[in-house]
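**Student:** Give me coordinates for this.
(4 chains)
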There are 2 protein chains.
Amino acid sequence: MNADALRGHMDALLLSVLEHEPLHGYAIIEALRERSGGELDVPTGTVYPALRRLERAGLLAGEWASDGGRKRRTYRLTDAGRKALTGERSAWRSFTTAIGSVLDPLR
Amino acid sequence: MNADALRGHMDALLLSVLEHEPLHGYAIIEALRERSGGELDVPTGTVYPALRRLERAGLLAGEWASDGGRKRRTYRLTDAGRKALTGERSAWRSFTTAIGSVLDPLR
DNA sequence: TGTCTACATATAGACAGCCTACATATAGAC
DNA sequence: GTCTATATGTAGGCTGTCTATATGTAGACA
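**Tutor:** Numbering: from 1, shown residues only, chains lettered A, B, ... in the order given. Okay, the predicted model is just below:
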């Protein structure tokens, strides 16, 4: 998976994976890997800053929790985040349609 | 169309639009707009540098031509470019499958 | 004649976000 | 006591897209 290809789609991925359950960063990375059949292996240096960015933007709400001695920051979708996810999904469809129409004009 | 979303897919678009006929930069922009139903409107400041980059990489071959007093630089796919296009198409499929599996897990 | 639009190419510099590499720490297995 | 998995985070680099600007021809139109 080329790194540049992910640009601008990270937000959609993060929002989507948090749609049905709150998760912490590490678990998000695993969820992305599992859901994509191992295709998406996003480095921590990408995910943690992105989560903070989405939190600052009001799309996610983060909260510290403890599992034994381990500290986790668990994120859940806000209402704005849920709305944004809808937009991201529709943008994804437009995007794939547009690029696809150029790459595979016969279909 | 968000600008960042295009990142890493520009090469595929340019190679693809040149697959069946050589074109010059301006015509490429129009072809992208037409093929995508107006969705893709790529600025000149993106296309011209990208074409040079692909030329330097050996995927395109450019040649100056004249139509009356107008000068055009017409690009055609090289053999390496044709090979790269195949790779870009397959990468595009992996990419959409991976992202799609996260965004629309039900399908 | 002058102006406007479409055609055509190009570059400089800004910007954003993803990456690598590194730092830190706990838990549990062995 | 060492190793691996779990867990978060930052600094700095990279690179490709964008905006803005520059330059010039051709043709329409007044």
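**Student:** The nearest residue to residue A:17 once chain neighbours are set aside is in what secondary structure piece?
**Tutor:** In space, and not counting its chain neighbours, residue A:17 is closest to residue A:31: 4.9 Å by C-beta to C-beta, 6 or more residues apart in numbering or on different chains. Where you see a C-beta, it was placed from the backbone N, CA and C, and this is true even at glycine. According to DSSP states H and E, residue A:31 maps onto helix A:25-35.
**Student:** Next one: residue A:81 from residue A:75, what distance?
**Tutor:** Noted for residue A:81: a distance of 9 Å to residue A:75, by C-beta to C-beta, to the nearest Å.
**Student:** between those two, who's got more neighbours?
**Tutor:** More neighbours surround residue A:75 than the other of residue A:81 and residue A:75, with 26 against 23 (other C-beta atoms under 10 Å in any protein chain shown).
**Student:** For the more buried one, grab phi and psi.
**Tutor:** Dihedral angles of residue A:75 (phi, psi; degrees, to the nearest 10) stand at phi -110, psi 140.
**Student:** With residue A:7 instead?
**Tutor:** phi -50, psi 130.
**Student:** Just list the residues touching it, thanks.
**Tutor:** B:4, B:5, B:7, B:8 (C-beta atoms under 8 Å, 6 or more residues apart in numbering or on different chains).
**Student:** Chain neighbours aside, what residue packs nearest to the last one?
**Tutor:** Same thing as residue B:8. Closest to residue B:8 by C-beta to C-beta, 6+ apart is residue A:4, at 3.1 Å.
**Student:** Before we move on, what's the pLDDT of that neighbour?
**Tutor:** The score at residue A:4 is 88. That number is its pLDDT.
**Student:** one step back: what do residue A:81 and residue A:75 both touch?
**Tutor:** By C-beta under 8 Å, 6+ apart, the residues touching both residue A:81 and residue A:75 are A:18, A:54, A:60.
**Student:** what's the burial count for the last one?
**Tutor:** Using other C-beta under 10 Å, residue A:60 is surrounded by 24 other residues.
**Student:** Dump the worst-scoring helix or strand of chain A on mean pLDDT to PDB, keeping only the CA atoms.
**Tutor:** Lowest mean confidence among the helices and strands of chain A (mean pLDDT, DSSP states H and E): helix A:3-6, at a mean of 90. Taking C-alpha atoms only, helix A:3-6 is exported to PDB below (Å, rounded to 0.1, in the frame of the first residue of the first chain):
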ATOM      1  CA  ALA A   3       1.700   5.800   1.600                       C
ATOM      2  CA  ASP A   4       0.600   8.700  -0.600                       C
ATOM      3  CA  ALA A   5      -2.500   6.900  -1.700                       C
ATOM      4  CA  LEU A   6      -3.900   7.100   1.900                       C
END
